[in-house]
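>>> Attaching a predicted model along with its sequence, questions to come.
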Amino acid sequence: MSLLKSLLVGAALTAVAATTAAIAHDYQVADIHIGHPWARATPPQAKVAGAYLSIDNNGQSPDRLLGGSTPAARAVEIHSSEITDGVMRMRQVTDGLAIPAGESVALAPGGYHLMLVDPVEPLQDGDRVPLTLEFETAGSVAVELAVEAMGAPEPDHAAMDHSGMPAEDDAADAAPDDDGHAGH
């Protein structure tokens, strides 16, 4: 094989490997698998940003997501959203989020999610935001949030393997409110 062919084959293989890594965007710590962490871009004066991901517990014992941290915000909190009497209500989950053994939990728009409180600067489409998640048993895992466009629907994961990931209902996320939680 000529040197030029070798270089072209090497470049093609590198491009495929880089593309596969970008598409996968998955992380593992102990028996916990983290699938595609992402967030939406925020307006300039946003006081919060929502972050979403899937968590699969492939182990025999339950675990608990306790919270996280990021240099991109003052705090990272776990929140739940629910509709009561037609009104979306959000509350902080202070005792962590249970991840039962052998099950999956989706942090998604309109449900459980991570709230980045007081972002240092606006999140912009295309950004990668470092985030460390803390689990009771599995420990810490560093991930990156892929920032999608402001108001973007949940990314299409059709090309990714997210077996066991439950379906999400984004209907509750369709109408932003005026308390700084728009789209979270």
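Right, received. Where do you want to start?
>>> Quick check: which ranges of this protein have low pLDDT?
By pLDDT under 70, the weakly predicted segments of the chain are 1-24, 155-184.
>>> And the residue nearest the centre of this protein?
Nearest residue to the geometric centre of the chain (Cα atoms, centre = their mean): residue 37, 2.5 Å.
>>> Now do stretch 64-72: everything it contacts.
55, 75-78, 96-99, 105, 114, 116, 119-121, 123, 129-137 (Cβ atoms under 8 Å, 6 or more residues apart in numbering). The C-beta positions use only the backbone N, C-alpha and C, and glycine is treated the same way.
>>> Kindly recompute the last result at 7 Å.
Stretch 64-72 is contacted from outside by 55, 76-78, 96-99, 114, 116, 119-120, 129-136, using Cβ atoms under 7 Å, 6 or more residues apart in numbering.
>>> re the thing from before, report the separation between the residue nearest to the centre of the chain and residue 140.
Look at residue 37 and residue 140: by Cβ to Cβ, to the nearest Å, they are 14 Å apart.
>>> and if you look at residue 64?
Distance from residue 64 to residue 140, by Cβ to Cβ: 13 Å.
>>> Report the distance from stretch 120-127 to the chain centre.
With Cα atoms, centre = their mean, to the nearest Å as the basis, stretch 120-127 stands 14 Å off its chain's centre.
>>> which parts of that stretch are buried?
Residues of stretch 120-127 classed as buried: 123, 127 (neighbour count, 16 or more other Cβ atoms under 10 Å).
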